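In: no sequence on this one, just coordinates:
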Ligand SMILES: [Zn+2]
Ligand SMILES: [Zn+2]
């Protein structure tokens, strides 16, 4: 039982998903949204962004790969806090 619980916990901490907006893989726990990465949920909904730390083109904190959807790129710059 303890082992199963631990495995579930590890899975929860490290589980990843793909962002519906930019298509990047992201760490689920890094984002408030289930289907959006921290970056897209920040830009679209104003949720707290990840303080990205890039290593080899991928953020080590949220796994975002820097992808941006056409929609986000098309937003006026002043609305996007880059
Ligand atoms: Zn995204
Ligand atoms: Zn990040």
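Out: Nice, thanks for sending it over. Small disclaimer: the values here were computed from a predicted structure and weren't measured. Residues are numbered from 1 along each chain as shown. Ligands and ions are numbered 1, 2, ... in the order given.

In: Show me which residues of the protein are close to ligand 1?
Out: The chain comes close to ligand 1 at residues 19, 21-22, 37, 40, as judged by CB under 5 Å from the ion. (Glycine included, C-beta is placed from N, CA and C.)

In: which pair in the residues you listed spans the largest distance?
Out: Of all pairs drawn from those, the widest gap by CB to CB lies between 21 and 37 and measures 7.4 Å.

In: With neighbour numbers in mind, choose between these two.
Out: residue 37 (31 against 21; other CB atoms under 10 Å).

In: For that one, list the residues it contacts.
Out: Listed by CB atoms under 8 Å, 6 or more residues apart in numbering, the contact set of residue 37 reads 19, 21-22, 24, 26, 30-31, 62, 64.

In: quick one: which of those residues sit in strands?
Out: Taking DSSP state E as the definition of strands, the contacts of residue 37 contribute residue 26.

In: Need the contacts of residue 37 in TSV (columns: pLDDT).
Out: As requested, those are exported to TSV (pLDDT from 0 to 100):
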residue	pLDDT
19	98
21	97
22	97
24	98
26	97
30	95
31	96
62	96
64	98
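
In: picking up where we left off before, closest one of the residues of the chain next to ligand 1 to ligand 2?
Out: residue 37 (8.0 Å; CB to the ion).

In: and the gap between that closest one and residue 6?
Out: From residue 37 across to residue 6, the span is 27 Å (CB to CB, to the nearest Å).

In: One more: residue 18?
Out: Residue 18 is 26 Å from residue 6, by CB to CB.
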